[in-house]
Structure formats: structure tokens, C-alpha cells
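**Q** Everything below, folded, please.
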Amino acid sequence: MSLRDEVLRANAAFAAEFGGGELARPPARGLAVVTCIDGRIDPLAVLGLAPGDANVLRNAGARVTDDVLRSLVVSRHLLGMRETLVVGHTDCGLEGRTNEELRAGVPGSDGLDFLPFADLEESVREGVRRIRALPLLADVEATGWVYEVETGRLREVETQP
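**A** Coordinates of the predicted model:
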């Protein structure tokens, strides 16, 4: 059986038991989460959330990019989000790497900024600072966290100036 067939079969089973069609568009807990694409992270499970509780934004490295800020503005002003968690993680493939190293492994990626970072906690702090600095998100509480993929534990990162 191909992966495509497995996905379709799994989706059919999911749809047969699906009960989330009545969930409201706004995040029920008023929360947005910015985290990494790493498949070892299940943001809802890690944070004790259920579908519909939060808007979850994922990208490589849990970086607060301009597009993440755009999505947070939508989440805040159109969906009522009030709090954002920036959640980086240990053993991230972008930590301690350079663009040159990353580009060497991806043919044709010259000029692409992979947004690598030298220090995990500082990367999380930078993301929180970017959120706090945007006037359109001035009333959003933003905090930083590190998820430890080795233990499943979450720890807060000091982000006060």
C-alpha cells in the first residue's frame, strides 16, 4: 500500500468519527502558538490543548518571521487571540548551523535564508521581542518556551528586558 493510500484510509476512518465540525473559528482559549515543523512536536498534546483551542503556526526553527507576524495580527484582530507562546525546541536542525552549511545540502538554494540561529533561548527571546514590538500586537501577551524533545518537558525562557 502506498503512503497516499494509507493517508486516504486513515482520513476515511477519521472522518467517520469526526465531531469537530461545530468548532468556532476563533481559538477557544484565545491562544496562538508559534513552534517548529519538527515532527517530534505535537503542539496540542505538549500544551494540554484540544482542537479549536489555539491557532498553531509552524515553520522551520519556530522563527517569528514577517509572515508569522501577519498571521498573528489576523489571529488577534479577526479571531480574538490574546496570548502567544513562542515554543522552540532542543535538538533543532537550525541551531548552531550557518546558511552556508544548510545551502550546501540543498542544491539551488543560493540566496535562501534558512534563518539559522546560534542559541536556542536567544532565538525564542528574539521571537517574543518581535511580537511585543509590533504595535498591532501591543495588547497581546507573548511568552517564550523551550520544548525538550528528549524528555517531553516544557520550560519557560526569561524574556523580560
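**Q** can you tell me how far the nearest residue to Glu156 once chain neighbours are set aside sits from Leu3?
**A** When the adjacent residues along the chain are set aside, Glu156 lies closest to Trp145, with 5.7 Å between them (Cβ to Cβ, 6 or more residues apart in numbering). (C-beta placed from N, C-alpha, C; glycine too.) Trp145 is 32 Å from Leu3, where distance means Cβ to Cβ, to the nearest Å.
**Q** Same drill for those two, tell me which one is more crowded.
**A** Neighbours per residue (other Cβ atoms under 10 Å) separate Trp145 from Leu3, with Trp145 holding more: 23 against 7.
**Q** Pull the contacting residues for that one.
**A** By Cβ atoms under 8 Å, 6 or more residues apart in numbering, Trp145 lies in contact with 85-88, 124, 154-157.
**Q** Ok, Arg153 next?
**A** With Cβ under 8 Å, 6+ apart, Arg153 has these contacts: Tyr147.
**Q** swap the cut-off to 7 Å and go again
**A** Listed by Cβ atoms under 7 Å, 6 or more residues apart in numbering, the contact set of Arg153 is empty.
**Q** how about the helices in the protein?
**A** With helices called from DSSP state H, the chain shows them at 3-17, 43-47, 66-79, 99-104, 120-133.
**Q** Give me the buried positions along stretch 118-127.
**A** For stretch 118-127, the neighbour count (16 or more other Cβ atoms under 10 Å) marks 120-121, 123-127 as buried.
**Q** same deal with stretch 105-120?
**A** Residues of stretch 105-120 classed as buried: 114, 116-117, 120 (neighbour count, 16+ other Cβ under 10 Å).
**Q** could you dump these to CSV with distance to Gly48 and pLDDT?
**A** Output for the buried residues of stretch 105-120, formatted as CSV (distance: Cβ to Cβ, whole Å; pLDDT from 0 to 100):
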residue, distance to Gly48, pLDDT
Phe114, 31, 98
Pro116, 31, 98
Phe117, 27, 98
Leu120, 23, 98
